[in-house]
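**Student:** below are the sequence and a predicted model; questions follow.
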Amino acid sequence: MNKKKWEEFLDPYVQTVGELKIKLRGVRKQYQKKNLYPPIEFVTGRVKRLDSIKEKARRRGYKPSQIIEMEDIAGVRVMVQFVENIYDVLDILRVRTDFEIIEERDYINNQKSSGYRSYHVIIKYPIDTIDGHREVLAEIQIRTLAMNFWATIEHSLNYKYQGLIPLEIRERLNVTAQIAYALDREMSSIREEIQEAQLLFEGESELPEEDGKW
Ligand code: 0O2
Ligand code: 0O2
């Protein structure tokens, strides 16, 4: 495929990521407006890089026509403060009617051997373009801030060492994965205390000024 064809192929995925980011950020805003604790901390998204798509297609032995079967070309990441919030976000996703969940991968209870933890939800997302209606696959990753910190660092190291991280660093990464897990557990144990404090803080900062000026 030439550059223009790839761009055309990726356009629906760009649209999907954009729409999902707006919708999920909207969920956070709705909680804030009601002065409720938002289970979503922040949302990011990306369309998979071309070299990464090609590498994965090669690894999986895909023919060009099978690339649309790849689940994570469109990817959205939902960061949460506490492990419990991952399940709140899942509850929110499961009742939505604007996409269909086709698979869930629980790397929270089934941590990967690398130490990676996250909850992945694969969806079929309908989009309308001037070429008509179609459905694209997208992956929503839900993780705590601690899981995100660890995964971001590990991802950069994997990139640097092209998947062959030296043993000593790998061992240290395993230790940090355990520490991130312990941090999540400790934070969960004082969750109610923290949430109450955050709501008080948010509530105060959002009080309108008397005359709308500083
Ligand atoms: P605010 O007011 O900063 O919260 P875009 O789609 O253009 O808005 P883009 O290019 O996708 O954003 O950026 P990216 O890198 O995906 O980041 C999206 C949002 O996540 C931004 O918020 C960042 O501030 C927020 N973000 C990224 N990393 C962190 C983090 O470590 N902690 C927190 N709390 N937020 C983070 P917005 O939407 O610009 O608004
Ligand atoms: P990118 O484009 O760099 O973000 P596979 O890709 O075949 O290994 P699979 O089974 O297709 O994995 O899908 P999976 O595991 O549900 O999701 C793959 C994505 O999950 C990865 O995207 C990462 O974002 C994340 N991920 C999975 N395992 C790990 C891990 O051990 N460490 C880190 N840091 N992230 C992981 P890519 O491939 O990195 O794509």
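**Tutor:** Sure, I can see it. Numbering: from 1, shown residues only. Ligands and ions are numbered 1, 2, ... in the order given.
**Student:** is ligand 1 contacted by the strand or helix carrying residue 79?
**Tutor:** Using DSSP states H and E, residue 79 sits in strand 74-80. No: Strand 74-80 lies out of reach of ligand 1 by CB under 6 Å from any ligand atom, never closer than 6.9 Å. No exception for glycine: its C-beta is placed from N, CA and C like everyone else's.
**Student:** name the helices or strands packed onto that strand?
**Tutor:** If contacts are counted by 3 or more CB pairs under 8 Å, 6 or more residues apart in numbering; DSSP states H and E, strand 74-80 sits against helix 3-33, strand 42-47, helix 83-94, strand 132-144, helix 145-160.
**Student:** switch the cut-off to 7 Å
**Tutor:** Contacts defined by 3 or more CB pairs under 7 Å, 6 or more residues apart in numbering; DSSP states H and E place strand 74-80 against helix 3-33, strand 42-47, helix 83-94, strand 132-144.
**Student:** that one pairs with which strands, parallel or anti?
**Tutor:** Take DSSP bridges as the rule and strand 74-80 pairs in its sheet with strand 42-47 (antiparallel), strand 132-144 (parallel).
**Student:** tilt between that strand and helix 145-160?
**Tutor:** Going by axes from the mean of the first three to the mean of the last three CA atoms, to 10 degrees, strand 74-80 is angled at 140 degrees with respect to helix 145-160.
**Student:** which residues touch strand 74-80?
**Tutor:** Contact with strand 74-80 is made by 13, 16-17, 20-21, 24, 39-48, 86, 89, 136, 138-145, 148, as judged by CB atoms under 7 Å, 6 or more residues apart in numbering.
**Student:** which of these count as buried?
**Tutor:** By neighbour count, with 16 or more other CB atoms under 10 Å, the contacts of strand 74-80 hold 13, 16-17, 20-21, 24, 39-40, 43, 45-48, 86, 89, 136, 138-145, 148 as buried.
**Student:** residue 165 belongs to a strand, doesn't it?
**Tutor:** No: using DSSP: H, G, I helix; E, B strand; the rest coil, the assignment for residue 165 is coil, not a strand.
**Student:** burial measure for it, as a count.
**Tutor:** 17 (other CB atoms under 10 Å).
**Student:** look up the closest residue to it, ignoring the ones flanking it.
**Tutor:** residue 157 (5.3 Å; CB to CB, 6 or more residues apart in numbering).
**Student:** returning to that earlier point: of the buried ones among the contacts of strand 74-80, list those near ligand 1.
**Tutor:** 21, 45.
**Student:** doesn't residue 104 belong to a strand?
**Tutor:** Yes: according to three-state DSSP, residue 104 belongs to a strand.
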